[in-house]
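Participant: Just need the structure, nothing else, for what follows:
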Amino acid sequence: MMGRRRLAIGWATLAVLVGLWFFLTTWTGIVSAGRFPSPADFWFSLVQINSRGYAAGQLLTHALHSLMLVVVGFVVAIATGVPLGLWMGWSRRAEAAINPVFLIIRPIPPLAWIPLAILWLGLGDAAKIMVIWFAAFVPSVINSFSGVRAIDRPIIEAARMLGTPRWRFVCEILAPAASPMIFTGLRLSLQAAWTTLVAAELVGALVGLGLVLNMAQQDIYPGMVLVGMLAVGVLGFVTTWLLGRVERRTLSWNVAARD
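Facilitator: Model (predicted):
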């Protein structure tokens with residue numbers, strides 16, 4: 001019942017926003033088409049990119065390519081960031097050796113890596129994936145580290161006293177106990193990956209939603225800008241929802257406790 005109520009409230013809010021959009025742009029003209037597209041302008045742009053194409057491709061082609069970049073960058077980030085965070089949280093020596101370097105690179109904005117990524121990897125997809133990887137890497141490390149440090153020390157000491165093998169200790173105690181914070185980091189990493197995608201695709205892209213937004217800005221085409229923005233938003237929503245489903249299945253005990 002509560003879930004249906006939240007869903008109804010969400011749809012009602014969306015309907016109000018669409019109505020306000022129509023009122024301001026079409027009915028009253030308070031907001032001019034040059035500043036923000038009307039629903040008709042948006043629909044025309046959507047039909048155009050799906051039929052004739054825009055920026056050398058149709059919307060599905062651009063969306064799938066951008067999705068591929070985000071997924072690859074995100075997967076590589078969690079495959080490297082989560083183990084590193086767990087290691088730093090578990091081992092004081094690892095923290096002492098790695099944390100100073102991490103504290104230096106952590107404040108660097110992901111977009112600042114674009115020049116080096118292009119120098120190292122060229123203008124292809126590898127450079128874009130590197131930038132997305134860095135954006136998603138930092139939150140995964142921080143939250144995995146924090147998850148381990150939040151574990152009650154008696155649990156770790158008891159496992160050591162019982163002589164638990166190292167690999168079993170990591171798989172059955174360390175990672176499960178830190179998993180709520182790890183998934184928090186994964187959500188932040190996924191969000192960072194999507195927010196970095198567009199900027200990464202602004203340089204040297206031949207296809208992708210970032211290219212659509214860049215060309216639409218140069219063409220002064222607000223309707224197409226909104227199409228690109230909403231495409232990124234929809235893909236971000238869907239991937240976040242899928243990650244939430246994985247979290248609910250993996251941490252069913254924790255979700256049940258919260259509910």
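
Participant: Could you check the pLDDT of Gly81?
Facilitator: Gly81 is assigned a predicted lDDT (pLDDT) of 93.

Participant: show me the contacts for it.
Facilitator: Ala136, Phe137, Val138, Pro139, Ser140, Val141, Ser144, Gly185, Ser189 (C-beta atoms under 8 Å, 6 or more residues apart in numbering). Where you see a C-beta, it was placed from the backbone N, CA and C, and this is true even at glycine.

Participant: Looks like the second one contacts Leu186 (just checking).
Facilitator: Translated: Phe137. No - in terms of C-beta atoms under 8 Å, Phe137 does not count as a neighbour of Leu186; the distance is 11.7 Å.

Participant: who has more neighbours, the two?
Facilitator: Phe137 (28 against 25; other C-beta atoms under 10 Å).

Participant: For the more buried one, list the residues it contacts.
Facilitator: With contacts defined as C-beta under 8 Å, 6+ apart, Phe137 is in contact with Ala77, Thr80, Gly81, Ser189.

Participant: now Trp194
Facilitator: Val70, Val232, Leu235, Gly236, Thr239.

Participant: Please repeat the previous calculation with a cut-off of 6 Å.
Facilitator: Gly236 (C-beta atoms under 6 Å, 6 or more residues apart in numbering).

Participant: Relative to Val18, how far out is it?
Facilitator: 23 Å (C-beta to C-beta, to the nearest Å).

Participant: Ala199 now?
Facilitator: Taken as C-beta to C-beta, the span from Ala199 to Val18 is 28 Å.

Participant: Check Val31 too.
Facilitator: 14 Å.

Participant: So these two - more neighbours on which side?
Facilitator: A count of neighbours by other C-beta under 10 Å puts Val31 above the other of Val31 and Val18, at 15 against 11.
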